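> With the sequence up front, the predicted model follows.
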Amino acid sequence: MNTALELKQITKRFGATEILRGVDLTIRQGERHALIGPNGAGKSTLFDLIAGRTQPTSGHIALNGVDVTGAPAHRLGRKGLARSFQTTSVFTGLTVHDNVRCAVLGSRAATWRDRWVRSGVIDQEAQRVIEAIGLAERRDELATSLSYAELRALDLGLALATGASVLLLDEPTAGMNRAEAARALALIRETTQGRTLLIVEHDMEAVFALADRISVLVQGRVIATGTPAEIAANTAVRTAYLGETP
Ligand SMILES: Nc1ncnc2c1ncn2[C@@H]1O[C@H](COP(=O)(O)OP(=O)(O)OP(=O)(O)O)[C@@H](O)[C@H]1O
Ligand SMILES: [Mg+2]
């Protein structure tokens with residue numbers, strides 16, 4: 001099976017503090033992979049490195065077999081990586097449709113002429129994404145009028161609209177009630193079909209239902225990677241993270 005993301009011996013230091021201490025992680029193409037671990041383990045720091053927001057202190061990152069260590073976020077975006085950023089990537093003064101259209105435009109149409117010629121196709125693609133994220137009835141509403149859960153769905157839509165093959169979602173259900181979170185996770189399951197997903201999520205029930213494989217990060221180290229069943233049965237994980245005494 002081909003590898004979508006490969007991290008080798010990644011370390012990250014902030015000043016004297018080593019946050020990531022030699023992370024090895026392999027994400028296969030087309031798998032849904034969850035990254036779990038206690039607060040402060042370094043999950044978001046790792047996402048920042050993968051997404052090109054910050055640089056590793058040492059180590060290597062490959063995307064679809066190509067070394068991208070140190071590549072900036074916009075270059076990774078062109079290579080098919082998208083990261084969902086809570087609500088910050090949504091233009092609140094634009095409608096749902098215009099937000100999604102912008103994301104499609106930004107990734108598919110290279111020139112202004114291209115944009116004009118392909119306008120119909122771009123509209124169709126935007127509509128397809130809006131339907132997939134369940135916001136068809138809110139299509140012409142300003143993003144400011146959306147509920148929190150709808151905003152997060154729109155944010156997922158923006159990542160999907162870029163056509164990215166590898167999606168990074170950091171706590172996509174944070175701040176939602178149980179019903180909203182369940183809907184959001186069902187949406188993520190449906191819309192990421194055929195793509196590679198790396199997700200950080202604290203709801204263990206959701207993680208075990210969604211992920212093909214799970215990696216556990218504790219104090220800056222991956223202590224286990226495996227199927228949900230393997231992780232649930234792993235003594236080191238149960239002790240270090242799931243809070244059980246051996
Ligand atoms: N820019 C920074 N400068 C210094 N320390 C930082 C910086 N960013 C993160 N840290 C520290 O790195 C550690 C890991 O933080 P990180 O946000 O990656 O954890 P996390 O696993 O995502 O936690 P959570 O589950 O709470 O989101 C924390 O101790 C945090 O204080
Ligand atoms: Mg975090």
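Nice, thanks for sending it over. Ligands and ions are numbered 1, 2, ... in the order given.

> Could you check how far the nearest residue to residue 133 once chain neighbours are set aside is from ligand 1?
Leaving aside its sequence neighbours, residue 133 sits nearest to residue 157 (CB to CB, 6 or more residues apart in numbering; 4.1 Å). To be clear about C-beta, it is placed using only N, CA and C from the backbone, and glycine gets the same treatment. Applying CB to the nearest ligand atom, to the nearest Å, the value for residue 157 to ligand 1 is 23 Å.

> For residue 94, see how far away residue 230 is.
44 Å (CB to CB, to the nearest Å).

> Spatially nearest residue to residue 103 (excluding sequence neighbours)?
Using CB to CB, 6+ apart, the closest residue to residue 103 is residue 161 (3.7 Å).

> mind listing what the one you found touches?
By CB atoms under 8 Å, 6 or more residues apart in numbering, the residues touching residue 161 are 100, 103-104, 107, 125-126, 129.

> now swap in residue 221 and tell me
21-23.

> Any of these buried? List them.
residue 23 (16 or more other CB atoms under 10 Å).

> what's the closest of the contacts of residue 221 to ligand 2?
Ligand 2 lies nearest to residue 23 out of these, by CB to the ion, at 14.7 Å.

> sorry, back to before: wait, doesn't the residue nearest to residue 133 sit right on residue 129?
Yes - between residue 157 and residue 129 there is a contact under CB atoms under 8 Å: 5.0 Å.

> Next one, pLDDT for the residue nearest to residue 103 please.
On the pLDDT scale, residue 161 is placed at 87.

> Could you pull up the contacting residues of whichever residue of the chain sits closest to ligand 2?
Nearest to ligand 2 in the chain, going by CB to the ion, is residue 44, at a distance of 3.2 Å. Residue 44 is in contact with 170, 200, counting by CB under 8 Å, 6+ apart.

> does the helix or strand hosting it come close to ligand 1?
Secondary structure assignment for residue 44, by DSSP states H and E: helix 43-50. Yes - judged by CB under 6 Å from any ligand atom, helix 43-50 and ligand 1 are in contact via 43-45.

> what's the burial count for the closest residue in space to residue 91 that isn't next to it in sequence?
Spatial nearest neighbour of residue 91, excluding adjacent residues (CB to CB, 6+ apart): residue 99 at 5.5 Å. Neighbour count for residue 99, taken as other CB atoms under 10 Å: 25.

> What does the pLDDT read for the residue nearest to residue 32 when sequence neighbours are not counted?
Leaving aside its chain neighbours, residue 32 sits nearest to residue 197 (4.5 Å; criterion: CB to CB, 6+ apart). We note a pLDDT of 96 for residue 197 in this prediction.

> my read is residue 197 is in a strand, agree?
Yes - under DSSP: H, G, I helix; E, B strand; the rest coil, residue 197 sits within a strand.

> residue contacts, it?
So residue 197 contacts 31-33, 166-167, 169, 188 (CB under 8 Å, 6+ apart).

> same thing with residue 222?
23-25, 215-216.

> Could you pull out the residues contacting both of residue 157 and residue 129?
residue 100.

> Could you pull up the mean pLDDT of stretch 232-246?
77.

> Revised request: answer the last question for stretch 105-119.
Mean predicted confidence for stretch 105-119 is 67.

> likewise stretch 122-129?
89.
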